[in-house]
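Asker: Sequence and predicted model, in that order:
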Amino acid sequence: MKQSELIAKTFMGLEPVLAKELTQLGADDIQIGRRMVSFKGDKELMYRANFQLRTAIRILKPISHFKAKSADDVYEKVKETDWTQYLDLEKTFAVDSVVFSDEFRHSKFVSYKVKDAIVDQFREKTGKRPNISVANPDLRLNMHIADDQCTLSLDSSGESLHRRGYRQESGEAPLNEALAAGMIMLTGWQGDCDFIDPMCGSGTLLIEAALIAHNMAPGLFRKEYAFEKWADFDADLFDQIYNDDSQEREFNHHIYGYDIDMKAVNTALLNVKAAGLSGSITVRQQDFKDFVQPADKSIIVSNPPYGERISSPDLLGTYKMIGERLKHQFTGNDAWILSYREECFEQIGLKPSIKIPLYNGSLECEFRKYQMFDGKMKVFRSEGGEVKTDEERRQMAEKHRFKKNREFKQRLMEQEENEVADIRTFTFHHHEFVPRDSRGKGSRDSRNSQRDFRGGRDDRGRRDDRGGRDDRGGRFAPRGRDLRKAANRGTRFDRNGGKGKDYSNNRFNRFRHDDEED
């Protein structure tokens, strides 16, 4: 197949993780940028990137690169493309624009000019024009402008890829699924020991950990992708990719989630059940202060409250308690904590072996690793213990890892708003030019939503009109594109008449699954 230029967008701090994922997929010419990774691949790779990448939030296919000094330049350049290759009068389209330029002040105006160029071309040729769709366009376009460099792309994903489809309900300030997967991948954990989140909220880290442990594609639960509406969509090829579970694996350990809030526990249980992973994940109500040393080798990955979107009556006391529990009840294991406030980290009272900068929404956070051991550091090292690996030393030596990105934070909010908007829903943003060292911080939203899900296949590899996994662990889903989409407009198939089937009898149920309430 012919190779094309492709772009995978991600969150700031996860670019190297995404690049590694693309390498494993077999992508060519991989280049890391700011909040994106460019690469080359054919149609199959583009489908796989949407379906299998855990840390990508969107896959774009550039169709035009050009320079523009004004909105009129944009109009003329866009009009040079033959849009009948991608659109006809029966199809609808929408335009998202992202602008980092002093020449172009308003993303909405750029989107209008792109739309006008496309519509005028059709009018001149046919006397008619295609329509705009706000909610569900047949073709979504993405215009990116940095200074005078413009890239016009087809959006192959549609809804952001972090919206996996398994989330039935969310708690306060849920962790973005792509960020959660990236955090786990940064730890190097691949299912080689038990996984624990002692402050699990709605269970995002737990579910992403289970998908990684089983090597299940994150796109299994999605309803649809934008490329399925393209004129050159190859349904047979995508069905082949979707039905291929040859890389999935058994998970010989277990995942535990705890939360002090029973409402959060119930939400996590609902989401775990919707994902068909009750056999791998246990969720219980428990305060972190009651956490005791696990019997087996384990890793903790957690995202405690920061005091920003989730309030805590004694925030600093909570972090002090976290440090005390880790020190006395987690010896011999590694713990990874994501947080925002330095004063919170200070209360933990432990020296991290690594600090990795990550953005959680607009918050400039750090993901810190704590290696827990018995006794004193000198004794630990004399016995051959290693607190920092060579890679961790290299990363810790990098100074001001966020500094180069701060100048762009002023417009991150605009970019996130525009990612899911079209020309009728853009918000105007006016930016005054300010010298680099006097610019303030901007903000960026992190979005989560609830989605329906796609199914899979039965134990003999065939699709039918139900979604999910059967009692024997096989996927079952509709045969063909239209049936699959129709079957997944609702909830998962439920033979028990409830809100969703508990897949506790699937092929992953070789372990403990005592996540039901007593």
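Answerer: Yep, that arrived.
Asker: From now on I want contacts and neighbour counts done on CA atoms only, so please keep to that.
Answerer: Fine.
Asker: Beyond the biggest helix by length in the chain, next helix or strand please.
Answerer: Scanning the chain for the longest helix, with DSSP state H as the assignment, gives helix 107-126. Next in sequence after helix 107-126, counting helices and strands by DSSP states H and E, comes strand 131-132.
Asker: pLDDT averaged over that following strand - what is it?
Answerer: The average pLDDT within strand 131-132 is 90.
Asker: Tell me which other helices or strands that strand touches.
Answerer: Helices and strands in packing contact with strand 131-132 are listed as strand 92-100; criterion 3 or more CA pairs under 8 Å, 6 or more residues apart in numbering; DSSP states H and E.
Asker: What strands flank the strand it packs on, and is each parallel or antiparallel?
Answerer: With DSSP bridges as the criterion, the sheet partners recorded for strand 92-100 are strand 131-132 (parallel), strand 139-146 (parallel).
Asker: Please identify which of those strands is closest to L179.
Answerer: Closest approach to L179 among these is made by strand 139-146 (22.5 Å; CA to CA).
Asker: That closest one to helix 107-126, inter-axis angle?
Answerer: Comparing the axes of strand 139-146 and helix 107-126 via axes from the mean of the first three to the mean of the last three CA atoms, to 10 degrees yields an angle of 130 degrees.
Asker: Please list the residues outside strand 139-146 that contact it.
Answerer: Residues outside strand 139-146 that contact it (CA atoms under 8 Å, 6 or more residues apart in numbering): 60, 86-87, 91-101, 111, 150-156, 158, 226, 229-230.
Asker: Filter those residues down to the buried ones, ChimeraX style.
Answerer: Buried residues among the contacts of strand 139-146 (16 or more other CA atoms under 10 Å), as a ChimeraX selection:
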select :60,87,91,92,93,94,95,96,97,98,99,100,101,111,150,151,152,153,154,155,156,158,226
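Asker: Return the alpha-carbon coordinates of the longest helix of the chain using CSV.
Answerer: This file holds the C-alpha atoms of helix 107-126, laid out as CSV (Å, rounded to 0.1, in the frame of the first residue of the first chain):
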residue,chain,number,x,y,z
SER,A,107,-9.1,30.3,15.0
LYS,A,108,-12.7,30.7,14.2
PHE,A,109,-12.0,33.1,11.4
VAL,A,110,-9.4,30.7,9.9
SER,A,111,-12.0,28.0,10.0
TYR,A,112,-14.5,30.2,8.1
LYS,A,113,-11.9,30.9,5.4
VAL,A,114,-11.2,27.1,5.0
LYS,A,115,-15.0,26.5,4.8
ASP,A,116,-15.5,29.3,2.3
ALA,A,117,-12.8,28.0,0.0
ILE,A,118,-14.3,24.5,-0.1
VAL,A,119,-17.9,25.7,-0.5
ASP,A,120,-17.0,28.2,-3.2
GLN,A,121,-15.1,25.6,-5.2
PHE,A,122,-18.2,23.4,-5.3
ARG,A,123,-20.4,26.3,-6.2
GLU,A,124,-18.2,27.3,-9.1
LYS,A,125,-18.1,23.8,-10.4
THR,A,126,-21.7,22.6,-9.8
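Asker: same for it, what does it pack against?
Answerer: Right, helix 107-126 is packed against helix 71-79, strand 92-100 by 3+ CA pairs under 8 Å, 6+ apart.
Asker: before we move on, back to that, worst mean pLDDT among the strands paired with strand 92-100?
Answerer: When the strands paired with strand 92-100 are compared on mean pLDDT, strand 131-132 scores lowest, with a mean of 90.
Asker: Return the distance of it from the chain's centre.
Answerer: Averaging C-alpha coordinates over strand 131-132 and over its chain gives two centres that are 29 Å apart (CA atoms, centre = their mean, to the nearest Å).
Asker: picking that back up, want to throw the helices and strands packed on helix 107-126 into TSV with mean pLDDT and distance to W189?
Answerer: Putting the helices and strands packed on helix 107-126 into TSV (pLDDT from 0 to 100; distance: least, CA to CA, whole Å) gives the following:
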stretch	mean pLDDT	distance to W189
helix 71-79	94	45
strand 92-100	92	35
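Asker: How about the residue positioned nearest the centre of the chain, nearest residue that isn't a chain neighbour?
Answerer: Averaging the C-alpha coordinates of the chain gives a centre point, and the residue nearest to it by CA atoms, centre = their mean is A178 (1.9 Å). The shortest distance from A178 to any residue that is not its chain neighbour, by CA to CA, 6 or more residues apart in numbering, is 4.6 Å, and that residue is T55.
Asker: hey, which helix or strand in the protein has the poorest pLDDT?
Answerer: Of all regular secondary-structure elements in the chain, judged by mean pLDDT, DSSP states H and E, the least confident is helix 481-487 with a mean of 37.
Asker: Near the nearest residue to I348 once chain neighbours are set aside, how many other residues are there?
Answerer: Residue nearest to I348 in three dimensions, not counting chain neighbours: G323, with 4.1 Å by CA to CA, 6+ apart. One way to gauge burial is a neighbour count; for G323, by other CA atoms under 10 Å, it gives 19.
Asker: for G323, what are its contacts?
Answerer: Contacts of G323 were listed using CA under 8 Å, 6+ apart, and they are 347-350.
Asker: Repeat that for Q121.
Answerer: With CA under 8 Å, 6+ apart, Q121 has these contacts: 79, 83.
Asker: May I have the predicted confidence score for it?
Answerer: pLDDT, Q121: 95.
Asker: what's the answer for A210, then?
Answerer: Per-residue confidence at A210 stands at 98 (pLDDT).
Asker: what's the nearest residue to D102 if we skip its chain neighbours?
Answerer: Excluding the flanking residues, the one nearest D102 by CA to CA, 6+ apart is D147, at 6.7 Å.
Asker: Contacts made by stretch 11-20 with the rest, please.
Answerer: Here stretch 11-20 makes contact (CA under 8 Å, 6+ apart) with 10, 30-37, 53-57, 179, 182, 185-186, 356-359.
Asker: Low-confidence stretches in the chain?
Answerer: Screening the chain residue by residue with the criterion pLDDT under 70, one finds the ranges 171-173, 307-313, 375-518.
Asker: Go through stretch 187-196 and flag the buried ones.
Answerer: Residues of stretch 187-196 classed as buried by neighbour count (16+ other CA under 10 Å): 187, 189-191, 193-196.
Asker: contacting residues for the closest residue to M199 other than its chain neighbours?
Answerer: In space, not counting the residues next to it along the chain, M199 is nearest to D259; the distance is 4.9 Å by CA to CA, 6+ apart. By CA under 8 Å, 6+ apart, the residues touching D259 are 198-201, 265, 284-288.
Asker: hmm, which two among those residues are most spread apart?
Answerer: By the measure CA to CA, the contacts of D259 have their two most distant members at V265 and F288, which lie 13.5 Å apart.
Asker: Touching both of those two, which residues are there?
Answerer: Common contacts of V265 and F288 (CA under 8 Å, 6+ apart): 258-259.
Asker: Among these two, which residue is more densely surrounded?
Answerer: V265 (26 against 18).
Asker: roughly how far is the strand or helix carrying that one from the heart of the chain?
Answerer: Counting by DSSP H and E, the element that carries V265 is helix 262-274. Counting by CA atoms, centre = their mean, helix 262-274 is centred 20 Å from the centre of its parent chain.
Asker: doesn't K20 fall inside a helix?
Answerer: Yes: applying DSSP: H, G, I helix; E, B strand; the rest coil, one finds K20 inside a helix.
Asker: picking that back up, compare the contacts of D259 and tell me which has the most neighbours.
Answerer: Going through the contacts of D259 with other CA under 10 Å as the criterion, the one with the most neighbours is G201, at 31 neighbours.
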